[in-house]
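Colleague: need the 3D shape of this:
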Amino acid sequence: LRSKAQFEKLYARRMFKNKYQPGELVLVRNTQVEKELDRKTKPRYNGPYEVVRHTKGGLYVLKEMDGSVSRRGIAAFCLLPYFNRHFMPLLDELDDHDNDLDEPEDEPDHEHDNSDDEDNH
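Modeller: Have a look, this model is predicted:
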């Protein structure tokens with residue numbers, strides 16, 4: 001009991017804490033790529049997939065976004081939560097900035113520029 005508490009204290013950040021619920025979106029680690037020489041150019045994770053259920057053995061049954069269910073279960077350590085990025089505030093800010101550019105600004109007067117005057121030389 002004491003060693004369990006000590007282990008949990010030391011490795012709390014690395015331990016898998018939550019279970020994925022049905023309907024959640026996850027990414028699956030692409031383990032086939034890890035042994036290849038050109039792995040730097042290939043995706044580390046595939047997905048997103050939707051969790052269908054959690055089996056008694058600890059595996060997750062997933063389905064693709066088109067609805068086709070995977071035949072094999074995926075271990076929990078191969079899964080990562082997927083965060084959807086629908087809201088993009090940068091695009092809104094860019095639109096506001098473009099609208100500001102459409103309005104003409106007051107330009108400084110260049111009539112009194114002394115660099116072109118040859119009389120001062």
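Colleague: any chance you could map the strands in this protein?
Modeller: In the chain, the segments counted as strands under DSSP state E are 25-29, 45-54, 60-63, 79-81.
Colleague: give me the neighbour count for Tyr45.
Modeller: Counted by other C-beta atoms under 10 Å, the residues lying close to Tyr45 total 15. All C-beta atoms are positioned from the backbone trio N, CA, C, and that covers glycine.
Colleague: who does it form a beta bridge with?
Modeller: Beta-bridge partners recorded for Tyr45 (DSSP bridges): Arg29.
Colleague: verify the stated contact: it with Val28.
Modeller: Yes: at 6.4 Å, Tyr45 and Val28 qualify as touching, with contact defined as C-beta atoms under 8 Å.
Colleague: that older thread, let's have the strands of the chain in CSV, adding mean pLDDT.
Modeller: Converted to CSV, these look like this (pLDDT from 0 to 100):
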stretch, mean pLDDT
strand 25-29, 94
strand 45-54, 94
strand 60-63, 96
strand 79-81, 92
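Colleague: with distance to Gln6 added, can I get those strands in TSV?
Modeller: Formatted as TSV, those follow (distance: least, C-beta to C-beta, whole Å):
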stretch	distance to Gln6
strand 25-29	29
strand 45-54	28
strand 60-63	30
strand 79-81	27
